[in-house]
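Novice: What shape does this take:
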Amino acid sequence: MASDQSSMTDSFEGIATAWLESSTAVSKNMAQMYSNIAEANRELWSQSMDPAESTDRESGDDSIAYSKSSWTTVQSVDTVEELGVGSEVVFRKELTDSDVHAFADISGDTNRLHLDDEFASDTRFGRRIVHGTLASGLISSALARLPGMIVYLSQDLDFERPVDIGTTVEATVSIIETLDGDRYRLNTTVQTAEGTTVIDGEAVVLIDSPPATETDTDTSE
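Specialist: Predicted structure coming up:
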């Protein structure tokens, strides 16, 4: 009997420990989640890269690995020194069915609402929709195109409307406050090409000068 009680005690302790570890993991900073989302998006777009498309770095963006001709970027400033309240970047991209399936595979979010037409037809939406975190990931894409090297510190979001697959959306990030230590608060939105807001929120980022590249370093003797 004592052995059974000991086993039950060990079992309850194991459950409590697992619950505590799970709760701690859930309460981690939202910025880490969006860092993971950004990494997933980079991998997704890398996998879907068409060799025929441009892979040049965007003009003035030392922190951007590459761009595609099907993406559109508009930015109001080109250097870290110019950053201030009102500085803005707009990043536009179509969210395709291939994007949705690739994101599901990379992130592990295989919710049938995004992948199964028959299943989705019986939901409140009546059709498949884009993952909310895929759509909000375009905010990271816009932030990355600010001058300098961007470090996500926090992100608050409201998901206001679903995004249909095949919709072209644009993420806009605009500095609304300059904080201490090279930190900035930004308004962050995702809208359809028609101007309908689907995601709204605020972010805080740290902006460092990008590290020197080989082309920036004087190698003359």
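
Novice: how about the strands in the protein?
Specialist: Assigned by DSSP state E, the strands in the chain fall at 72-75, 88-94, 149-159, 168-178, 183-192, 197-208.

Novice: Out of these, which gets nearest to residue 101?
Specialist: Within the strands of the chain, the stretch nearest residue 101 is strand 88-94; the backing value is 14.5 Å (CB to CB). Placement of C-beta: from N, CA and C, glycine included.

Novice: just to revisit the earlier point, got CSV for the strands of the chain, with mean neighbour count and distance to residue 129 too?
Specialist: Conversion of the strands of the chain to CSV gives the following (neighbours: other CB atoms under 10 Å; distance: least, CB to CB, whole Å):
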stretch, mean neighbour count, distance to residue 129
strand 72-75, 16, 23
strand 88-94, 19, 15
strand 149-159, 17, 11
strand 168-178, 18, 12
strand 183-192, 20, 13
strand 197-208, 18, 10
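
Novice: what would those strands look like in CSV with mean pLDDT and distance to residue 136?
Specialist: Below are these laid out as CSV (pLDDT from 0 to 100; distance: least, CB to CB, whole Å):
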stretch, mean pLDDT, distance to residue 136
strand 72-75, 94, 18
strand 88-94, 98, 12
strand 149-159, 96, 6
strand 168-178, 98, 8
strand 183-192, 98, 6
strand 197-208, 97, 5
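
Novice: Tabulate the ones you listed (a markdown table), appending distance to residue 128.
Specialist: Rendered in a markdown table, the data for the strands of the chain read as follows (distance: least, CB to CB, whole Å):
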| stretch | distance to residue 128 |
| --- | --- |
| strand 72-75 | 25 |
| strand 88-94 | 15 |
| strand 149-159 | 16 |
| strand 168-178 | 16 |
| strand 183-192 | 17 |
| strand 197-208 | 16 |
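
Novice: So which of these is nearest residue 138?
Specialist: Comparing those against residue 138 with CB to CB, the closest turns out to be strand 168-178 (3.8 Å).

Novice: same for that closest one, what does it pack against?
Specialist: Secondary structure elements in contact with strand 168-178, counted by 3 or more CB pairs under 8 Å, 6 or more residues apart in numbering; DSSP states H and E, are strand 88-94, helix 132-143, strand 183-192, strand 197-208.

Novice: tilt between the second one and strand 88-94?
Specialist: In terms of direction (axes from the mean of the first three to the mean of the last three CA atoms, to 10 degrees), helix 132-143 departs from strand 88-94 by 130 degrees.

Novice: quick revisit: reformat the helices and strands packed on strand 168-178 as JSON lines; add distance to residue 172.
Specialist: Compiled in JSON lines, the helices and strands packed on strand 168-178 are given as follows (distance: least, CB to CB, whole Å):
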{"stretch": "strand 88-94", "distance to residue 172": "5"}
{"stretch": "helix 132-143", "distance to residue 172": "7"}
{"stretch": "strand 183-192", "distance to residue 172": "5"}
{"stretch": "strand 197-208", "distance to residue 172": "10"}
